[in-house]
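Asks: show me how the following folds:
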Amino acid sequence: MRGQNWWSRIGLVMCIVASVSIVSGCEFNMDNLKNNSQVKATQSDSEKEIWRVFRFYLAATNEFNFTSVKYSQQHMETVQQAQQNVPLAEFKERDYERLEQELIAARDAGHTHSDLEAATDALLPVLHDIVVAVKELDTYYKEKRYESDNYAFAHTQLEKLSSLMDVFEPKYDALDIIVKTYYKQEGERFVKLMRNNGQTNGANMLEMMIIYSDIVDHIMEHKSDSDFQWVKAQKEAADGIGAKITAAEAQNRLEQKKHLDKVIEDFIADPRSETEEAVVAQYNEMVRSPMNFALLDSVQKPYVPQEL
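Replies: Numbers count the residues shown, from 1 in each chain. I've put the predicted structure just below:
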């Protein structure tokens, strides 16, 4: 099946910015986002509304990117078994159904980002076709219909999914890039706002994570052709910023940073798909770890995105 390596992709760091006020991590509860949306929609501040809506797109892509990497091997094994006529008990690829639901929620949240809306509208039809095709294949295996057709439907459906993935991938990439661009712009702005507010640890943590986001993006894009001197220089910059973070609340994240540094060094020494995937996986684990940004600095009124 062409595109079966699709699941080995980066999970974005944007979740750090999305929940600076409470707990950072890539997982967003969609029900909470919807409830929050109903409250915030009554406020007139345009920047707050822009951020409120953006969080829906952020939640959708963060979770999809993370699970795509974490379960890529499992997904690929499922596809390979289906190709080899293994009588599967089920064919589950829930990532796509969740992504569809969360992008629909994003579109319903408000109209503040015409480029995100256009990219989502272009993606949703093929995404829906993938969801339907996966469900049909899942039903096929659960009903053991392969016993009567000798896996003919399975092979036809796998080819269909392969063609759909060829359409899906560039459309998802287009959406993912837009989300990433907004994140970097907002992240840099948040760093300045926190520094001006005396939130030195929070600003340093966010700046450090932005650097790691750039490193992982670079590795994912260039692979064995990565600029290793640039990667080393960026990692050293992150080390310098990380050394300035003194808050006890940040120690778990800083310990995870050491693990990320190690796999980055492993990739530099031996740039291959396995070491690249280790970088992405460790990065995602670090980003998803909970951390209360409000506890990083002793300021009377910590700056948080919801107060834009």
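Asks: from residue 206, how far out is residue 290?
Replies: 16 Å (C-beta to C-beta, to the nearest Å). For the C-beta atoms, the positions are set from N, CA and C on the backbone; glycine is no exception.
Asks: my error: substitute residue 79 in the last question.
Replies: According to C-beta to C-beta, residue 79 stands 38 Å off from residue 206.
Asks: so these two - more neighbours on which side?
Replies: residue 206 (25 against 18; other C-beta atoms under 10 Å).
Asks: please enumerate the helices of this structure.
Replies: 15-18, 30-40, 46-70, 72-83, 94-109, 114-142, 146-149, 152-196, 200-222, 228-242, 251-269, 273-288 (DSSP state H).
Asks: mind giving me the packing neighbours of the last one?
Replies: Using 3 or more C-beta pairs under 8 Å, 6 or more residues apart in numbering; DSSP states H and E as the contact test, the elements touching helix 273-288 are helix 15-18, helix 46-70, helix 200-222, helix 251-269.
Asks: can you lay out those helices as JSON lines showing distance to residue 181 and mean pLDDT?
Replies: Shown next, in JSON lines, are the helices and strands packed on helix 273-288 (distance: least, C-beta to C-beta, whole Å; pLDDT from 0 to 100):
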{"stretch": "helix 15-18", "distance to residue 181": "13", "mean pLDDT": "36"}
{"stretch": "helix 46-70", "distance to residue 181": "11", "mean pLDDT": "85"}
{"stretch": "helix 200-222", "distance to residue 181": "11", "mean pLDDT": "92"}
{"stretch": "helix 251-269", "distance to residue 181": "23", "mean pLDDT": "96"}
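Asks: re the thing from before, out of the helices of the chain, which is closest to residue 298?
Replies: Residue 298 lies closest, by C-beta to C-beta, to one member of these: helix 200-222, at 9.3 Å.
Asks: show me how far the closest one is from its chain's centre.
Replies: Centre-to-centre, helix 200-222 and its host chain are 14 Å apart (C-alpha atoms, centre = their mean, to the nearest Å).
Asks: CA atoms only for stretch 230-246, dumped as CSV, please.
Replies: Provided in CSV are the C-alpha atoms of stretch 230-246 (Å, rounded to 0.1, in the frame of the first residue of the first chain):
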residue,chain,number,x,y,z
TRP,A,230,23.1,23.7,12.2
VAL,A,231,21.3,21.1,14.3
LYS,A,232,24.2,21.0,16.7
ALA,A,233,24.2,24.8,16.9
GLN,A,234,20.5,24.9,17.6
LYS,A,235,20.8,22.2,20.2
GLU,A,236,23.5,24.2,21.9
ALA,A,237,21.3,27.3,21.9
ALA,A,238,18.5,25.2,23.5
ASP,A,239,21.0,24.0,26.1
GLY,A,240,21.9,27.5,27.0
ILE,A,241,18.3,28.6,27.4
GLY,A,242,17.4,25.5,29.3
ALA,A,243,20.2,26.1,31.8
LYS,A,244,18.5,29.3,32.7
ILE,A,245,15.3,27.6,33.8
THR,A,246,15.3,27.3,37.5
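Asks: what's the average pLDDT for it?
Replies: This predicted structure assigns stretch 230-246 an average pLDDT of 97.
Asks: what comes up buried for it?
Replies: Counting neighbours by 16 or more other C-beta atoms under 10 Å, one finds that the buried residues in stretch 230-246 are 231, 234-235, 238, 241-242, 245.
Asks: just give me the residue right at the centre of the chain.
Replies: residue 62 (2.5 Å; C-alpha atoms, centre = their mean).
Asks: ok, residue 137 touching residue 151?
Replies: No: with contact defined as C-beta atoms under 8 Å, residue 137 does not reach residue 151; the gap is 11.1 Å.
Asks: more crowded one of those two?
Replies: In terms of neighbours (other C-beta under 10 Å), residue 137 is the more surrounded of residue 137 and residue 151; the figures are 23 against 20.
Asks: how about the more buried one, what does it touch?
Replies: Residue 137 is in contact with 82, 91, 153-154, 157-158, 161, counting by C-beta atoms under 8 Å, 6 or more residues apart in numbering.
Asks: could you identify which of those residues has the most neighbours?
Replies: In terms of neighbours by other C-beta under 10 Å, the contacts of residue 137 top out with residue 161 at 26 neighbours.
Asks: one step back: highest mean neighbour count out of the helices and strands packed on helix 273-288?
Replies: Highest mean neighbour count among the helices and strands packed on helix 273-288 (mean count of other C-beta atoms under 10 Å): helix 15-18, with a mean of 25.
Asks: tell me the two of the contacts of residue 137 that are most distant?
Replies: 153 and 161 (12.2 Å).
Asks: from residue 85, how far off is the most far-flung residue of the chain relative to its centre?
Replies: No residue in the chain sits farther from the centre than residue 148, which is 40.5 Å out by C-alpha atoms, centre = their mean. Residue 148 is 14 Å from residue 85, where distance means C-beta to C-beta.
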